[in-house]
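S.K.: compute the structure for the input listed below.
(one chain, ligands or ions: 2)
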Amino acid sequence: MKRMRSKVILVTGGAGFIGSHLIDRLIEKNRVICVDNLSTGSCKNIEHLMDNKNFLFIEHDVKKPLKLDEKVDEIYHLASRASPIDFEKFPVDILLTNSLGTYNMLELARRDRAKFLFASTSEVYGDPEKHPQSENYWGNVNSIGMRSCYDESKRFGESLVSSYQRKFKLSTKIARIFNTYGSRMRADDGRVIPNFITQSLNNENVTIYGEGKQTRSFCHVNDMVDGLTKLMSSKSAGPVNIGNPSEIKILDLAKLIKRMTDSKSEIVFERMPENDPLRRKPDIEKARKELNWKPLTDLEPGLKITIDWFRKSC
Ligand code: NAD
Ligand code: UDP
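M.R.: Ligands and ions are numbered 1, 2, ... in the order given. Next comes the predicted model:
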């Protein structure tokens, strides 16, 4: 029997949190090229792959065109800062990474007729007036607010990807990723789960922004990787919500993490950031139907793995 040629897969943002877990999955059967400028990613996340002959790391900023000799079969385009604390510090970089960077990677896909998956976000729904959010909701985004560099550039990215699909008949996919957590998140990333875990482990104040009545729905990274790979191999172009629909108030999340870490921390209340979405929960019916996907990891077991990892690594 003839053996199938393994695919060549490019992962941008592959030294980051989700990207490095995705590569761990893809490398089992494929050759993987990881492109990352290490702005928020880290070599630590991929150091275990460096001796693998099917792995290549290229330090590169996707804002610049990428010259690759090798032909690629698939591109997972994840490169982008994703933490709200970076929206204030690096707005122009975020805007250009998701616009120019996405354009450069789409041009590469066009050259090779590669399948292209864009890591979009639940932030395209902004501060949603519809709950839960389904893919046919167009969103409520403040185009000049503090979060707009991220929200609007991801929306532009979705538009660019859709245009390449229509104009050049490229096989493209849009994943709308909802809040994801797990090992390899940066301790100083500023996002809520690493903040609450590190604060609790160090018995420091656990910082709630606002009154903690806002909600999020947290998806474990293993489920996210399943969803992304299923989307790539499906016929679906998306956009598809990938996230865990189990919703929790931020105050309840703080209490849960405090209890799970047996922490002596106090919960304190700080200023709520501008345009912070009040509620967020994905409607995942489309992912169930088109990808045969649903998350399998509940919040507590997922947090336990993540807390154990932070205990060992930070
Ligand atoms: P991350 O910061 O850990 O990973 C992003 C990676 O992209 C990093 O390794 C960073 O160095 C790299 N990068 C950033 N700008 C780049 C550039 N110009 N050129 C090359 N590399 C660049 O974040 P993450 O949580 O792993 O997010 C990955 C993707 O998923 C992002 O596109 C993000 O917008 C999307 N997303 C994540 C979440 C989440 O909850 N984690 C939610 C929605 C969407
Ligand atoms: N948050 C908080 N304390 C923190 C960090 C975040 O209360 O130390 C809140 C934040 O205001 C938001 C929610 O937790 O309402 C999720 O924040 P995160 O930055 O993780 O992601 P977002 O969904 O806002 O992009």
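
S.K.: give the contact list for the closest residue to Arg113 other than its chain neighbours.
M.R.: Distances taken as CB to CB, 6 or more residues apart in numbering put Leu170 closest to Arg113, at 7.5 Å, once the chain neighbours are dropped. Yep, even glycine has a C-beta here, placed from its N, CA and C like the rest. Shown in contact with Leu170 (CB atoms under 8 Å, 6 or more residues apart in numbering): 106, 109-110, 113, 116, 164.

S.K.: check whether stretch 162-179 comes near ligand 2.
M.R.: Yes: using CB under 6 Å from any ligand atom, stretch 162-179 reaches ligand 2 at Asn179.

S.K.: send me that stretch as CSV with only the CA atoms.
M.R.: Provided in CSV are the C-alpha atoms of stretch 162-179 (Å, rounded to 0.1, in the frame of the first residue of the first chain):
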residue,chain,number,x,y,z
SER,A,162,-13.4,36.1,3.1
SER,A,163,-12.3,38.2,0.2
TYR,A,164,-9.4,35.8,-0.7
GLN,A,165,-11.9,33.0,-0.6
ARG,A,166,-14.3,34.8,-2.9
LYS,A,167,-11.7,36.4,-5.2
PHE,A,168,-9.1,33.7,-5.4
LYS,A,169,-11.2,30.6,-4.5
LEU,A,170,-8.8,29.9,-1.7
SER,A,171,-9.9,27.3,0.9
THR,A,172,-10.2,29.4,4.0
LYS,A,173,-11.5,28.9,7.5
ILE,A,174,-12.4,31.4,10.3
ALA,A,175,-12.3,30.2,13.9
ARG,A,176,-13.9,32.5,16.4
ILE,A,177,-12.0,31.5,19.5
PHE,A,178,-13.5,32.2,22.9
ASN,A,179,-11.5,32.6,26.2
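
S.K.: could I get the buried residue list for that stretch?
M.R.: For stretch 162-179, a neighbour-count test (16 or more other CB atoms under 10 Å) marks 162, 164-165, 170-179 as buried.

S.K.: dihedrals phi and psi, Val35?
M.R.: phi -120, psi 130 (degrees, to the nearest 10).

S.K.: is it true that it touches Gly14?
M.R.: Yes: with contacts counted by CB atoms under 8 Å, Val35 reaches Gly14, the gap being 6.6 Å.

S.K.: quick one, which of the two is more surrounded?
M.R.: Taking other CB atoms under 10 Å, Val35 and Gly14 do not tie; Gly14 has more neighbours (29 against 26).

S.K.: excluding chain neighbours, what is closest to that one?
M.R.: Closest residue to Gly14 apart from its sequence neighbours, by CB to CB, 6+ apart: Cys34 at 3.2 Å.

S.K.: returning to what we had before: just put the contacts of Leu170 in JSON lines and tack on secondary structure.
M.R.: Output for those, formatted as JSON lines (DSSP: H, G, I helix; E, B strand; the rest coil):
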{"residue": "Leu106", "secondary structure": "helix"}
{"residue": "Ala109", "secondary structure": "helix"}
{"residue": "Arg110", "secondary structure": "helix"}
{"residue": "Arg113", "secondary structure": "coil"}
{"residue": "Phe116", "secondary structure": "strand"}
{"residue": "Tyr164", "secondary structure": "helix"}
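
S.K.: please indicate which of those residues are buried?
M.R.: 106, 109, 116, 164.

S.K.: which one of those residues is nearest to ligand 1?
M.R.: For the buried ones among the contacts of Leu170, the minimum distance to ligand 1 (CB to the nearest ligand atom) is 13.6 Å, reached by Phe116.

S.K.: got the residues of the stretch 151-300 of the chain near ligand 2?
M.R.: Within reach of ligand 2 by CB under 6 Å from any ligand atom, the stretch 151-300 of the chain has these residues: 179, 191-192, 195, 207-209, 214, 216, 250, 273, 276.

S.K.: from the residues you listed, which single one is nearest Ile284?
M.R.: Nearest to Ile284 among those is Asn179, at 13.4 Å by CB to CB.

S.K.: model confidence for the residue nearest to Leu296 when sequence neighbours are not counted, exactly?
M.R.: Sequence neighbours aside, Asp223 is the residue nearest to Leu296 in space, at 5.9 Å (criterion: CB to CB, 6+ apart). According to the prediction, Asp223 has pLDDT 98.

S.K.: name the element Asp223 belongs to?
M.R.: Using DSSP states H and E, the element containing Asp223 is helix 221-233.

S.K.: which strands and helices sit next to that helix?
M.R.: helix 17-26, strand 74-77, strand 115-121, strand 172-177, strand 180-181, strand 240-242, helix 285-291 (3 or more CB pairs under 8 Å, 6 or more residues apart in numbering; DSSP states H and E).
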